[in-house]
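> 3D model of this:
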Amino acid sequence: MNRLTLAATILPLTAIAGTTYAQTTVRNVERHLRTMQTVDDTKAKDNTYYSQKVCSPTSLLPRDAAKQFAPTANVVHLVHSDMDATGFIPRLEYARSEDGGRTFIDRKEIYKLGSSTELWEGNGTEFACEGRTVWIAVLSDKLTPGSIAPLVYVSVDQGKTFQGPLLASTGHAGTTPTLKHDGSSPSSCEMVAVAAGGKFHLAFEALYTDANLPTNEELFYSRVSVDSSGNMTLEKDGVRVTTHFASKNVADVDGPKIAADNNVVAIIWADDTVGLGNAGNNTYASITSNGGDSWTAPHDCTNITVASGVDANQRVAVSGNNVYVTTQNSRDGSGDDVYLCYTNDAGATWVGDGSSATNPVIRVNTQSTIDVDDSDVIAQGDSVAIVYFDDRNGTGNVLNQAFFRMDKGGKGAGFKNNTATEVQASIKDVNLIERCDWRGDRISISGEFGQPSQSESAMVLFSTDAGATWNEAQLTDGTADVDEPYHTQTAAGDIVVTWVDSSTGNTNNRNRVSGIKVPTIGDETDANNGVQLICADDYNGSLALALISGTGTSPKIVLDDMGVQLCLAFDAFTVVGLDLSPVFLTAIVGGEAKLPVVPNLSTLAGQDVWSAFVVIDLTKKQPFVAASDPNKIDGKPEQD
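Have a look, this model is predicted:
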């Protein structure tokens, strides 16, 4: 028989549901990379290196031809720093992709330094989108000379036009402001923001200006709303978050983070109110369940009592009333570990905060004697997952690999009971975890690889089966140093990454964009266009085979060239006495395989139906998890 090379394989979710994951093989999938783009005109200025961010809406809205809105499943918004045409004046620019990150259009200037004395802290740029609304926040003294303050811009038409700036903290304004940030040290100012429930929530550092106070910075909260015409309203103005401070500016805040799910918003940070200094910071959390109208009192999530604790790298995730806080500290004296503290009732009660013998801290990493160097937490539904990297397979930080541990459906209890499962997520050496994203069964992680004899490279790790198996991709070749690769997913299976690198020298760092197209199933059955495979351009010329199954498990198709069995077959239509197999095979053109006469059904004759695709290619030798729909497609994401 002819042996077919499998360029895309399928692992139905039904085959892994309820499984305790063991350590898994990680695939290398560089062949699915997008072409790298340079998105600036000249260079990124020193203090604006890390302005680059991308976001894509989670809500699925169809194309609006009358208003020229693209379907949100394909939209990616981008901001980045640049210099003006003279090469001297820094600015922040916006661009948009309507094809999943392949190309970017509608570039425009959002912010530009107005004078040589004006201050802009590019690292503090925040970026979020919700539906067709796009929010941008910058830290600048444009409206408050000498004091860095949060400024907000907004678009309600998918990035076509922007309004702003709006000063999001009026306490910074006036000749005698009540709040300020030391303009001589703009890089120490931190701000975080998130869009949820139609609002833009910001948390930022500032100090009270009362006479004879310490110069430590506290944490404040503001909320901005917008109407359909783009008019912004400052609904909450500089509300003090650090209410546990005994007096103003008595302690210093570090590393604030924010996350939200509709009206539940959580802000976390580290401070030294226990009196141990920065060597004994504790992580605190404050939560609102009414969209920012009121907040819980700050809760100590770590209860470190020794100066060697050094609580740091705090992260937060929110899903419903579940709020998960992770930190890294060396409280046991044997290097950094990752710890989890969580609440399932929006802050009314907490688990894992170390407040008593009956509520001990929860260590996440499975190798207690191995030092952890970076970590992050993500949540979806009642599941929570934590990624971290350590050198268990190397020595002395020579080889740090990423590991992914999940509590599936347990709301955090799996970490407390030590039943959360762990898999290896990378083969190459990981230097940084920048961001994680979780949409359905697709989970992605961006950061930096540090390969021997190479500069740091941009990386993406991703899973298409809810974390059971992982793929890794190195986006750059290691000839130039990469910083802060920030990414987003689209609803249509795109992973888009932006970063800065030194390919043209450290004095001329450039902003880049690349990414991966994860194969996904598109559904246009309702428009009589049937089912589609949407994939990367390098699939062009290959054949796509659609499998429509009524069993989901048998009979199995065996592709012995890869030793892979597919648990889907041409059996769905046999229940009504049809043999339509010839119409299930088509060529991939322009990154799509279209089968207009094949409906993407969820049931047929009262029987559940599953859909999947296999790509047949006689030249490429690399297996890949392809688009599959074991849970039955509901008509989304639609591409048009």
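> hey, where'd the strands end up in the stretch 301-450 of the chain?
312-319, 322-329, 337-343, 362-363, 372-380, 383-390, 401-407, 421-424, 430-439, 442-449 (DSSP state E, counting those that start in this stretch).
> Quick one: closest of those to T488.
Distance to T488, taken as CB to CB, is lowest for strand 430-439 among the strands of the stretch 301-450 of the chain, at 6.1 Å. Using the backbone N, CA and C atoms, a C-beta is placed for each residue, glycine as well.
> that older thread, and the strands of the stretch 301-450 of the chain: which comes nearest S155?
strand 430-439 (21.7 Å).
> Run through the neighbouring helices and strands of that closest one.
Using 3 or more CB pairs under 8 Å, 6 or more residues apart in numbering; DSSP states H and E as the contact definition, the elements that strand 430-439 packs against are strand 372-380, strand 383-390, strand 401-407, strand 442-449, strand 482-489.
> pLDDT weak spots in the stretch 1-150 of the chain?
Applying pLDDT under 70 to the stretch 1-150 of the chain flags residues 1-34, 41-49, 85-87.
> picking that back up, what's the closest of the helices and strands packed on strand 430-439 to V76?
With CB to CB as the criterion, V76 lies closest to strand 482-489 of the helices and strands packed on strand 430-439, at 6.5 Å.
> what's the closest one in contact with?
49-50, 52-56, 76, 432, 434-435, 437, 439, 442, 444, 446-448, 455-460, 475-476, 495-501, 509, 515 (CB atoms under 8 Å, 6 or more residues apart in numbering).
> go again using 6 Å as the cut-off
Residues from elsewhere that reach strand 482-489, judged by CB atoms under 6 Å, 6 or more residues apart in numbering: 50, 53-56, 434-435, 437, 439, 444, 446, 448, 456-458, 476, 495-501.
> Dump the C-alpha coordinates for that strand into CSV.
Extracted in CSV, the C-alpha atoms of strand 482-489 (Å, rounded to 0.1, in the frame of the first residue of the first chain):
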residue,chain,number,x,y,z
VAL,A,482,14.9,39.2,21.9
ASP,A,483,13.0,41.0,24.7
GLU,A,484,9.5,40.5,26.1
PRO,A,485,7.6,38.4,23.5
TYR,A,486,3.9,39.2,24.2
HIS,A,487,1.2,37.2,22.5
THR,A,488,-2.5,36.7,22.0
GLN,A,489,-4.7,34.0,20.5
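> quick check: angle from it to strand 430-439?
10 degrees (axes from the mean of the first three to the mean of the last three CA atoms, to 10 degrees).
> quick revisit: just the buried residues out of the contacts of strand 482-489, in PyMOL syntax.
Here is the PyMOL selection string for the buried members of the contacts of strand 482-489, based on 16 or more other CB atoms under 10 Å:
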select buried, resi 50+53+54+55+56+434+435+437+439+444+446+448+456+457+458+476+495+496+497+498+499+500+501
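> Now mean pLDDT and distance to A137 too, for the helices and strands packed on strand 430-439, in a markdown table please.
Supplementary listing: the helices and strands packed on strand 430-439 in a markdown table, determined by pLDDT from 0 to 100; distance: least, CB to CB, whole Å:
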| stretch | mean pLDDT | distance to A137 |
| --- | --- | --- |
| strand 372-380 | 94 | 21 |
| strand 383-390 | 96 | 26 |
| strand 401-407 | 95 | 30 |
| strand 442-449 | 93 | 21 |
| strand 482-489 | 93 | 15 |
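> just so I know, which of those strands lies nearest N282?
For these, the distance to N282 is smallest for strand 372-380, at 17.2 Å, taking CB to CB.
> Give me the buried stretch members for that closest one, please.
For strand 372-380, the neighbour count (16+ other CB under 10 Å) marks 372-380 as buried.
> If anything else comes up later, I'll come back, but that's it for now.
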